[in-house]
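Undergrad: Take this sequence and fold it.
(2 chains)
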Amino acid sequence: NAGVTQTPKFQVLKTGQSMTLQCAQDMNHNSMYWYRQDPGMGLRLIYYSASEGTTDKGEVPNGYNVSRLNKREFSLRLESAAPSQTSVYFCASSPRYGTDTQYFGPGTRLTVL
Amino acid sequence: GDSVTQMEGPVTLSEEAFLTINCTYTATGYPSLFWYVQYPGEGLQLLLKATKADDKGSNKGFEATYRKETTSFHLEKGSVQVSDSAVYFCALRETSYDKVIFGPGTSLSVIP
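TA: This next block holds a predicted model:
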């Protein structure tokens, strides 16, 4: 099992460009999450999908959109990237929303110039 | 709101030294508490957890006890190894709304 996979691993964008971060899990989990990790801030929840067909805002949703494409895949889109979105982005999944353990992907390091 | 505070480090220890990483929390209810570990270039992995007061979580030689009276969940290991070099995150899940809140992470480097 691959667990949670994310693409790309690294990305550099110019201000105003758009891109989509991809995430997939092969554990048949119902819930998926997008976090950003910034120095001194820990992980902050951007969006989550409690189950296929639903998405909800987390703590820091501004500037992002998400799509739960199917049970396996949950993508994060930056429509017009800003330097403040320079961060490491992690996707995670869990068997259902509210269970204790989340399983994380390896992360995408994004730099916006 | 709920929050998690932990020493940010970086912490540098020699191999076989004793490790303590402090974690305290603020929560309105009765949260579950966790330690996650992030090895270089990887995502976070659950290291251990405790779901109620006085529970002790343990894994890979690491331990942490849920102390409600001091709202703490300090991580300890008796003898660290170079392979323990990683970033350690304390986290809580408030049962009333299920969101997981992470601390800022503590970077640990263990030198031979």
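Undergrad: so what secondary structure elements neighbour the host helix or strand of residue A:90?
TA: Element membership of residue A:90 [criterion: DSSP states H and E] is strand A:87-94. The elements that strand A:87-94 packs onto, with contact taken as 3 or more CB pairs under 8 Å, 6 or more residues apart in numbering or on different chains; DSSP states H and E, are strand A:4-7, strand A:19-25, strand A:31-38, strand A:74-78, strand A:103-104, strand A:108-112. For glycine as for every other residue, the C-beta is placed from the backbone atoms N, C-alpha and C.
Undergrad: of the ones you listed, which approaches residue B:43 most closely?
TA: Proximity to residue B:43, assessed across the helices and strands packed on strand A:87-94 by CB to CB, is greatest for strand A:103-104 (3.3 Å).
Undergrad: Quick one: check that closest one for contact with chain B.
TA: Yes: taking CB under 8 Å from any CB of the partner chain as the criterion, strand A:103-104 and chain B are in contact, through residue A:104.
Undergrad: Give me the residues contacting that strand.
TA: Counting by CB atoms under 8 Å, 6 or more residues apart in numbering or on different chains, strand A:103-104 makes contact with A:3-4, A:25, A:27, A:29, A:90-94, B:36, B:43-45, all of which sit outside it.
Undergrad: redo that, cut-off 7 Å
TA: A:3-4, A:27, A:90, A:92-94, B:43-44 (CB atoms under 7 Å, 6 or more residues apart in numbering or on different chains).
Undergrad: Closest to residue A:58 out of those residues?
TA: Within the contacts of strand A:103-104, distances to residue A:58 taken as CB to CB reach their minimum at residue A:92, with 11.5 Å.
Undergrad: Kindly state the beta-bridge partners for that closest one.
TA: residue A:33, residue A:104 (DSSP bridges).
Undergrad: re earlier: using a markdown table, lay out the helices and strands packed on strand A:87-94 together with distance to residue A:86 and mean neighbour count.
TA: Below are those laid out as a markdown table (distance: least, CB to CB, whole Å; neighbours: other CB atoms under 10 Å in any protein chain shown):
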| stretch | distance to residue A:86 | mean neighbour count |
| --- | --- | --- |
| strand A:4-7 | 17 | 18 |
| strand A:19-25 | 13 | 19 |
| strand A:31-38 | 9 | 24 |
| strand A:74-78 | 11 | 20 |
| strand A:103-104 | 20 | 21 |
| strand A:108-112 | 5 | 18 |
